[in-house]
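[1] Based on what follows, work out the 3D shape:
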Amino acid sequence: MNEDSITPIQDSDLNPGEIKSILEAVLFVASEPTALKQFSQLFDGISTRKIRQLLMQLRDEYRDTNRSFQLIEIANGFQICTRPEYHRWVEKFHTRRVRVKLSPSALETLAIVAYKQPVTRTEVEEIRGVNSDSVLNSLIEKGMVRIAGRRPGPGRSLLFATTDEFLQQFGLKELAELPSMEEIEQILNQAQIE
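    As a prediction, this is how the structure comes out:
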């Protein structure tokens, strides 16, 4: 959607039901999560707090009417998606979207970036013990990692961080949903017992 072509609408011209319908229409055509900021650019005078409130009402309406789809908050935005119990039917109907495939070295590097961000290439290499240039470049090409700026001081090394695509691929609303190191240790310990 071209932001320049959007004509702001005064909130006084619309009732909450109309605003919800507009939000729903945008969610319906969006191919990726839509951020509150993007929604707020549609309206003049409607706060992001009000937009969030209306989105939560939509979410509840879908749940309460037992719809086959749901409104979820993911990757710093909102998206309509099929409820999990209908997955196999949708999969049967439509060819499944190919997820980003990552090698073990790419997964290892991505985990370091996710937990240590913003992080320099040198810091990643110190943890991994090997050169990580090509792996970081590959993760950038796949949209999982981005250059997040430069470290202040001598050398001004590039800083790397994860992207919203990373959140979306791993089904996370925000980075805070990453498992803690203690949770990872428990999972690994349980896997060794089994």
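[2] buried ones in stretch 76-87?
    Using 16 or more other CB atoms under 10 Å as the test for burial, stretch 76-87 gives Asn76, Gly77, Phe78, Gln79, Ile80. C-beta coordinates here come from the backbone N, C-alpha and C atoms, glycine included.
[3] cool, and stretch 143-163?
    Met144, Val145, Arg146, Leu158, Leu159, Phe160, Ala161, Thr162, Thr163.
[4] Restrict it to CA atoms and write it as PDB.
    Output in PDB follows, covering the C-alpha atoms of stretch 143-163 (Å, rounded to 0.1, in the frame of the first residue of the first chain):
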ATOM      1  CA  GLY A 143      16.000 -11.600   5.700                       C
ATOM      2  CA  MET A 144      16.600 -13.100   9.100                       C
ATOM      3  CA  VAL A 145      19.300 -10.700  10.200                       C
ATOM      4  CA  ARG A 146      19.900  -7.000   9.500                       C
ATOM      5  CA  ILE A 147      22.600  -4.500  10.000                       C
ATOM      6  CA  ALA A 148      21.500  -2.500  13.000                       C
ATOM      7  CA  GLY A 149      24.200   0.200  13.000                       C
ATOM      8  CA  ARG A 150      27.800   0.600  14.000                       C
ATOM      9  CA  ARG A 151      29.500   0.100  17.300                       C
ATOM     10  CA  PRO A 152      30.800   3.500  18.600                       C
ATOM     11  CA  GLY A 153      34.600   3.800  18.900                       C
ATOM     12  CA  PRO A 154      37.600   2.700  17.000                       C
ATOM     13  CA  GLY A 155      36.800   0.500  13.900                       C
ATOM     14  CA  ARG A 156      33.100   1.200  14.200                       C
ATOM     15  CA  SER A 157      32.200  -2.500  13.600                       C
ATOM     16  CA  LEU A 158      28.900  -3.300  12.100                       C
ATOM     17  CA  LEU A 159      26.200  -4.500  14.500                       C
ATOM     18  CA  PHE A 160      23.800  -7.300  13.600                       C
ATOM     19  CA  ALA A 161      20.300  -7.900  14.900                       C
ATOM     20  CA  THR A 162      17.300 -10.100  14.000                       C
ATOM     21  CA  THR A 163      14.400  -8.900  11.800                       C
END
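[5] What is the most widely separated pair among the buried residues of stretch 76-87?
    Maximum pairwise distance among those (CB to CB): 16.1 Å, between Asn76 and Ile80.
[6] For the chain, which segments count as helices?
    Under the criterion DSSP state H, helices of the chain are mapped to 16-29, 36-40, 48-64, 87-93, 104-116, 121-128, 133-141, 164-169, 181-193.
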